[in-house]
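Asks: Structure for the following, please:
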Amino acid sequence: MNEGQHMAKQNITLSLDKDLIQQAKQLSALKSTSISKLLSEELERLVRDHKQYEQAKRRALAAMKRGFHMGGRITATRDELHDSESLR
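Replies: The predicted structure is shown next:
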């Protein structure tokens with residue numbers, strides 16, 4: 001989310017291990033933020049990374065489908081190259 005943008009917020013309920021909650025409280029205190037903000041930022045990162053991965057995967061698959069021109073010319077057919085008599 002860009003600075004200045006305000007998205008509608010919605011509360012959710014999570015069930016987390018008590019030890020994890022204690023550690024999250026300590027971490028959020030060290031970072032001078034809230035557990036909610038920590039979770040929000042981490043979820044945003046996860047979603048953003050997943051979107052970027054999917055976009056990169058689509059681009060890579062499209063490039064593979066198009067193929068790559070590596071230069072040069074084809075001067076013989078596959079059969080000519082694999083003709084066992086010419087290999088003797």
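Asks: Can you classify Gln26 as helix, strand or coil?
Replies: helix (DSSP: H, G, I helix; E, B strand; the rest coil).
Asks: Which pLDDT value belongs to it?
Replies: What the model reports for Gln26 is a pLDDT of 97.
Asks: Just the pLDDT for Gln55.
Replies: As predicted, Gln55 sits at a pLDDT of 98.
Asks: Can you pull the poorly scored residue ranges out of the protein?
Replies: Residue ranges of the chain with pLDDT under 70: 1-4, 84-88.
Asks: rerun at 90
Replies: For the chain, applying pLDDT under 90 flags the ranges 1-7, 66-88.
Asks: Just give me the residue closest to the centre of it.
Replies: In the chain, the centroid-proximal residue (Cα atoms, centre = their mean) is Tyr53; its distance is 2.5 Å.
Asks: so where does that residue fall, helix or strand?
Replies: In this assignment (DSSP states H and E), Tyr53 forms part of helix 35-66.
Asks: Give me the distance between the helix or strand that that helix is followed by and the centre of its chain.
Replies: Downstream of helix 35-66, the next assigned helix or strand under DSSP H and E is helix 78-81. Computed by Cα atoms, centre = their mean, to the nearest Å, the chain-centroid distance of helix 78-81 equals 41 Å.
Asks: Ok, stretch 15-22 next?
Replies: The answer for stretch 15-22 is 28 Å, by Cα atoms, centre = their mean.
Asks: Buried residues in stretch 25-42, which are they?
Replies: Ser28 (16 or more other Cβ atoms under 10 Å). Every residue, glycine included, has its C-beta placed from N, CA and C.
Asks: what about that stretch, how long is it end to end?
Replies: From its first residue to its last, stretch 25-42 covers 15 Å (Cα to Cα, to the nearest Å).
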